Every structure is written in C-alpha cells, then in structure tokens.
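In: Okay, structure incoming, though there's no sequence with it:
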C-alpha cells in the first residue's frame, strides 16, 4: 500500500532492467559524507523519470541519512510561479519525511494552507520561508523570490543537520524560465545555488547541453541511461506477453527489441497495442503491422505529437533534413537553405533540442533522436509536405519493415560477429601467425576434403601481426553506404612507433548466411579506395572476414587484389591461437592445423528437448573419434546443462542455444539460455546440497558436469550467462597433456 501513497510509478510487473542504477544512486545518496552530484542523461522515453521516482521511494522508506525531495520541472508562466511551486514542494516533502507521513507528500495543498500546517506543527523555521516569499512577491522583487526558493534546501540542511537529497527531473526545461521578460534565464543562478550548497542532488535531462558551463570540474558524476540490452528487452517483452496472454515467437521479439532499440516505453506500448487489438507476435508481419499502427495512430505517435512542437512546415523540413543527413550539418547552411532568420532559427533549434531531437555544438547541428522518432518524422513529412495519405505511408513502413526484418533474421545479428571481429583485432600485438589463415583460397585448397594437401610453400610463411592501438567502425564516413560493415584498425609493425612502421588495416566483416561474393569484394575494393584517403599511414592492409565463406569468384578476386580473406573456420583458429599460447606454438606449421568445425542447434521449450542435443553431440563425438565411454559422459553432461538452462531461465517460453566446436584435440560445447544467470543457481544448489546432508536430484548438476567433462566454466554475457564445457580427445596410446 505504501507505494501508492508516493509518486506514480509503473507496476512492478512492467519494470525491467534499471535496478542496478537505482541501487547505485541509493548507495551514493546515503554515504556518510557529501556524495558527488549525479547527472542522469538519456534519450526521451528511456525511463529516467521512473528511475528518479523509484530512487525517491527507496530513500523515503529505506534509510534515515538524507531527506529525499523530488521535483519535476515543467513550463511556467513566470519566475514567481516556478519559485512558489519549487519552494512548496521542498517544504512539503521535507515535512512529510520528518513526520513519516506520505499523505502530506501526496496531497495537493496551496502554499497558504501549507504555511498553516507548518505553524500548527510548530515548524516555524519552515514557515519562515513562506513568509519571506510572500513579502518578496508583494514588493515585486523577482530576484528575491527566486533566491529565497532556491536557497531553501541548503538552509534547511544547515539548520537541521540532516541533508536534503534533491532529485530534479526534466532539468532541461529550467533554461526556459526567465527572470525577466526576454531577459536571462534562471539556470546560471540555480546551478550556482546547487553547487555551493551543503547537500547533494540528482538531476535528469534528455540533453547534456543543459549543464554546459554550469558545473565545477569534478563536482558531478554523469550516468547515461541506455536502452535495455537485447536479452533483457526480450525478457521484458516475453513477460508482458505472458501477462496479456499474447502468443509470441522469441525470434520476432528479438527483432522487435532491436528495432525499438531496447526503449522500455516503446516496448510497453507495442505490447499494449497487441493486447488491445487482440494480435499475436508470432510472424514478422504481426510486428511490422503493430509498429506502423503505433507510429500513426497509437500511443507512441500520440506521445510524439504531445512532445514535438513544430510551429510550421519550415520546422518540419529542417528537422527532416537533420534526421536524414547522417552527420552533423552546418548551422549556416541550414539557415540559408530554409531561409530562416537567425533569431527564429536559434529558437527553433533550442526547442527541438529540448525535445531531445537535435544538438547544437560549435556551429553545427546533429540529429540525436532514435530511429523510432526518425520514422515518425518521416510519416509527418510525407503526409504534410508531400501530401501522401496515412495509409500510403503505413504501407511504406510495413514494406520496409518486412524487408528489414527478413534481412535481420538472415544476418543472425544475435551472433554479433562484427563485435567478435573487433575484439579479436584489438588483441593483435605482434604475434606470429601462419599466412594461410589469411588466404581463404589457399586454405580451402589445402584442407578441403580430408587431410592437408601439399601446395605452394609460401603459404606456410608467417605473418607478423601489428600491435593494434585502436579499432572503430566507419559509420562516420559511410552513413549512406551499403554492404558489409567495415572496421578500421590502427597500429604499428615491429614494435617501432615511427611513420615508416605505421599501418592501417581496413577490415570488411560479413555475418549474413550468404557467402562473400564477387559483388561484395568489388564493393569492398571501391569503399577501401575512398576510405584510405583518410589515413596517412605508409602501409594499408585490406582484410575481409565472412562467416559463411567465399564464392570461388570472390576468392580469386581477393587473391588478385592482394586482399587477405578469412572464413569462420580460419577465424576461430586465429582466435584460439591468440587466446591460447600453447596452441599457437603447435600451429607454427600448416601441417598441424586441423580445421575447426562448428555446429549450432536451437532447442525449443518442449518436453525432452535436451535429448535432441544429446543425439547431435553423439554424432559429432563419433565422427571426431571419441570412444563410447567418453561419448556417454559428454551426453550426460550436456543433458544436465540443458535441463539447468531451461529450469533457471527468466523466460518461461525460452529456447536454449547450443554451439558445438569440434577442433583437432577437443570438443567445446556452449550452452546458453534466454539471459538468466543459471550458473548462480547451479552453484547455490551445490552449496545447499552439501550443507543439508540430503541432496535433491537437481542439486548435483554443477558437480556432475565437472566430473564428466575436462573443463567447465561460465562466461558472463550481457544480461545473463553461458556455460562452456570442454572434453579433450585422447587418442589410443596417449594420456592427458601428452602423458601415457
């Protein structure tokens, strides 16, 4: 009941993924000494208000070190209106906390009624602020009215000895409160009062620009609230679907989470829309239909119409131009193009900046809104400027959404192959690597269809990798390009940091299910020529990596152009060699390379689904040469891991993802569920088992897996955990680690 007596928050069943931020802010707020001020920023509708109100609730009920005061800025008619409202909330909430009476906090009282309440409770020192406010207002002294209000938290802290913890929501609206008509805003004086006070504060804004020049160095800690990561966003959508009895497919929810960029508000509105329309989220068209309708006629579109204030078509054209530019645009060019006066232009940019859509800096304007807002701007522009009907634009959304979703599923974005490639390149540090691992045509000729073949000796030569100092993508230069994403890696050869040894690797990464074809190579060559103009390095190295390999034409063209080429098998060998120095030593000769084979199996949430994985691993193990006993051990460990993954998943209808990596001396099995930390569960069960003396069947899981496999470890992922099990292949006459 007590939660209902404070500020409105969303139901617990609809709140996901922000507890870490809330707990951290709570700890900082309750430290014995004055904690650093915190500035929470993030795009609109990302959940900042929800976080602030939950921090306030936790501080109100669960501690006695600070007095929490929450204040949300809004549009005000005058500085007197703001000052009175701000002062009233500070006094009311301080009084409510001291009395531990949340009904006072929740009640709407006038400042006169609050003054009587304070006097009746003998809180004369608080009522004194209201008296000074009334006198300053009566004399028409706006400066005194403002200073009396903004100094209240500091003076109350000094007098009471218990610090106020001030929580300021929508601080980006504060600069629009003017002390005098057409005069300066209150922001400078307000920030000075905050920074010089004996209390700490937490402020939230959709733009970082609001604090420029107003904070002393080192006096504030910035926290950015991003969208929920993929696993957590999908978990949220699954839970909401279950609450509203909506049928769903986890792959479609993954696509939706990606499209909505993990924004919890968008996610909730989409699920609510499905519930209202009695729709499912089982196929791709279900999602794109709901998305198009939400933008045009639903709650998401309504939220945009309420917060994005466009005074005319010139504002709309300007916003559309910035949204589609793909990079920062000159203020001078925009003003000239749309023939807007400097005063009107500045006002428009400020308004759109407050809405969290544009950001002005050093004479340039850039789009900072998300892709959902961008789609909404497209809808408004197409209907109001180009005169297209709403149904025509919705059809366009659905068409593009189907194509984009189809490509999303085909590319297996879940694998994050581009990120893996970037992480691998960052590990380059002068290692010696066989050149055949970077020449796919030679690699395929040597290892295809059985044992390595004897081919040209030069592919056994070593390639000395550079020492990479930085790796980033090319989005800044290639906003409108299509094709495989490209990474740029800067480094030095031979551990010599001079111009002659500086090198830049231009790396194309294709993770789609189709192989790298001739068109992909030609596209990469063209883009590489353009990109290398940005670098002054003496040497440029080009490298293409393809998850599904290369066509014969692509192999030949890459070889002719001197472009390194690596498929997934080569990629894994390179990665293992860099991570495992012992394996790297064994691979000094191409004759020692045994290509890695990978197999993926997705298990549905169904009875005895783990037996499907067991049958798959039996076939793989037999082909690798494991004996019957070892295969039995591997199967038992895999079944236990799968059951564990299903039982401890946060998602009731989840799938379990299996990846088998068969290399020359070992079988590695990766088991991942829908984002839950099932390792902790397994470990806690083991502890319970040993302390109780009466182990239950499931409690043996972790120890059983460790006993059956040679290695068992847990790898932390975003929002969850993956279990990795390794079984070494011991051939006849050999012992472990080469010992009989």
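Out: Arrived safely, thanks for sending. These numbers were taken from a predicted model, which means no experiment stands behind them. Numbers count the residues shown, from 1 in each chain.

In: give me the low-pLDDT residue ranges for the stretch 101-250 of the chain?
Out: The model of the stretch 101-250 of the chain has pLDDT under 70 over residues 182-183, 211-218.

In: any idea of the mean pLDDT in stretch 470-487?
Out: On average, the pLDDT along stretch 470-487 is 86.

In: So residue 626, which state does it fall into?
Out: Look at residue 626: counting by DSSP: H, G, I helix; E, B strand; the rest coil, its state is coil.

In: That one contacts residue 728, doesn't it?
Out: No - distance between residue 626 and residue 728: 9.8 Å, which falls outside the contact criterion (CB atoms under 8 Å). All C-beta atoms are positioned from the backbone trio N, CA, C, and that covers glycine.

In: Compare those two (neighbour count), which wins?
Out: A count of neighbours by other CB atoms under 10 Å puts residue 626 above the other of residue 626 and residue 728, at 22 against 15.

In: can you tell me which residues contact the more buried one?
Out: 634, 667, 727, 729 (CB atoms under 8 Å, 6 or more residues apart in numbering).

In: do the same with residue 385
Out: Contacts of residue 385 were listed using CB under 8 Å, 6+ apart, and they are 313, 316, 317, 320.

In: Let's have the residues you listed in TSV, adding secondary structure, pLDDT and distance to residue 224.
Out: Shown next, in TSV, are the contacts of residue 385 (DSSP: H, G, I helix; E, B strand; the rest coil; pLDDT from 0 to 100; distance: CB to CB, whole Å):
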residue	secondary structure	pLDDT	distance to residue 224
313	helix	87	34
316	helix	90	29
317	helix	90	30
320	helix	91	27
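
In: export the residues you listed to CSV and tack on distance to residue 577 and neighbour count?
Out: Converted to CSV, the contacts of residue 385 look like this (distance: CB to CB, whole Å; neighbours: other CB atoms under 10 Å):
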residue, distance to residue 577, neighbour count
313, 60, 12
316, 55, 17
317, 55, 18
320, 50, 18
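
In: Could you single out the nearest of these to residue 189?
Out: Using CB to CB, residue 316 comes nearest to residue 189 of the contacts of residue 385, at 35.3 Å.

In: now the residue of the chain most remote from its centre: how far from residue 132?
Out: In the chain, counting by CA atoms, centre = their mean, residue 139 sits farthest out from the average C-alpha position, at 52.4 Å. Distance, residue 139 to residue 132, by CB to CB, to the nearest Å: 11 Å.

In: by contact count, what packs against the host helix or strand of residue 333?
Out: Taking DSSP states H and E as the definition, residue 333 sits inside helix 331-338. Packing partners of helix 331-338 (3 or more CB pairs under 8 Å, 6 or more residues apart in numbering; DSSP states H and E): helix 313-325, helix 342-354, strand 364-367.

In: which of those has the lowest average pLDDT?
Out: helix 342-354 (a mean of 83).

In: Pull out the buried residues from that one.
Out: Neighbour-count burial for helix 342-354 flags 345, 348, 349, 351, 352, 353, 354 (criterion: 16 or more other CB atoms under 10 Å).

In: Just the closest of those to residue 519, please.
Out: Using CB to CB, the buried residues of helix 342-354 come closest to residue 519 at residue 352, 39.8 Å.

In: Show the contacting residues for the spatially closest residue to that closest one that is not a sequence neighbour.
Out: Leaving aside its chain neighbours, residue 352 sits nearest to residue 358 (4.4 Å; criterion: CB to CB, 6 or more residues apart in numbering). Contacts for residue 358 (CB under 8 Å, 6+ apart) come out as 319, 322, 349, 352, 365, 366, 367, 368, 369.

In: next one: residue 314
Out: If you count contacts by CB under 8 Å, 6+ apart, residue 314 has them with 338, 339, 340, 348.

In: wait, doesn't the last one sit right on residue 312?
Out: No - with contacts counted by CB under 8 Å, residue 348 stays clear of residue 312, the gap being 9.5 Å.

In: contacts for stretch 552-559?
Out: Contacts for stretch 552-559 (CB under 8 Å, 6+ apart): 439-441, 444, 515-518, 520-522, 544, 550, 564-565.

In: again, only using 6 Å
Out: 440, 441, 516, 517, 518, 521, 565 (CB atoms under 6 Å, 6 or more residues apart in numbering).

In: what mean pLDDT would you report for that stretch?
Out: Per-residue pLDDT over stretch 552-559 has a mean of 93.

In: State the pair within the buried residues of helix 342-354 that is farthest apart.
Out: Across the buried residues of helix 342-354, the longest distance by CB to CB is 15.2 Å; it joins 345 and 354.

In: element containing residue 661?
Out: strand 656-662.

In: Give the partner strands of that strand in its sheet and their orientations.
Out: strand 597-603 (antiparallel), strand 666-672 (antiparallel) (DSSP bridges).

In: now the last one, how far from the chain's geometric center?
Out: Averaging C-alpha positions (CA atoms, centre = their mean, to the nearest Å) puts strand 666-672 27 Å from its chain's average.

In: Begin at 59, not 1, for the rest of this chat.
Out: Shifting the count to begin at 59 puts that one at strand 724-730.

In: How about residues contacting that strand?
Out: With CB under 6 Å, 6+ apart, strand 724-730 has contacts from 699, 703, 715-719, 780-786.

In: And those, which is the shakiest by pLDDT?
Out: For the contacts of strand 724-730, the weakest pLDDT value sits at residue 780, with 77.

In: Three-state assignment for that one, please.
Out: Using three-state DSSP, the structure places residue 780 in strand.

In: Can you give me the neighbour number for it?
Out: Neighbours of residue 780 (other CB under 10 Å): 18.

In: what residues go with each domain of the protein?
Out: Domain ranges of the chain: 60-282, 473-650, 655-796, per automatic domain parsing.

In: rewinding a little: please name the residues that touch the residue farthest from the centre of the chain.
Out: Under the criterion of CB under 6 Å, 6+ apart, residue 197 has no neighbours.

In: If we only consider the contacts of residue 443, which is nearest to residue 663?
Out: Proximity of these to residue 663 (CB to CB) peaks at residue 378, which lies at 44.2 Å.

In: ok so, going back, which one of the helices and strands packed on helix 389-396 lies nearest to residue 113?
Out: helix 400-412 (23.4 Å).

In: Just list what that closest one packs against, helices and strands only.
Out: With contacts defined as 3 or more CB pairs under 6 Å, 6 or more residues apart in numbering; DSSP states H and E, helix 400-412 has no helix or strand neighbours.

In: So what's the gap between that helix and the chain middle?
Out: Relative to the mean C-alpha coordinate of its chain, helix 400-412 is positioned 30 Å out (CA atoms, centre = their mean).

In: could you point out which element follows it?
Out: Scanning forward in sequence from helix 400-412 by DSSP H and E, the next helix or strand is strand 416-419.

In: Pairing partners for that next one, with directions?
Out: Here, using DSSP bridges, strand 416-419 pairs with strand 422-425 (antiparallel).

In: Can you say which of the strands paired with strand 714-720 is nearest to residue 258?
Out: Nearest to residue 258, of all the strands paired with strand 714-720, is strand 724-730, at 40.9 Å by CB to CB.

In: Averaged pLDDT, that closest one. What do you get?
Out: pLDDT averaged over strand 724-730 gives 88.

In: That one: which residues count as buried?
Out: Judged by neighbour count using 16+ other CB under 10 Å, the buried positions of strand 724-730 are 724, 725, 726, 727, 728, 729, 730.

In: which of the residues you listed lies closest to residue 667?
Out: Among the buried residues of strand 724-730, residue 729 lies closest to residue 667 (CB to CB), at 12.4 Å.

In: Any idea what the closest one is bridged to?
Out: residue 716, residue 781.

In: Look up how far residue 769 lies from it.
Out: To residue 769, residue 729 is 14 Å away according to CB to CB.

In: How about residue 523?
Out: Separation of residue 523 from residue 769 (CB to CB) stands at 27 Å.

In: These two: which has the busier surroundings?
Out: Taking other CB under 10 Å, residue 523 and residue 769 do not tie; residue 523 has more neighbours (21 against 12).
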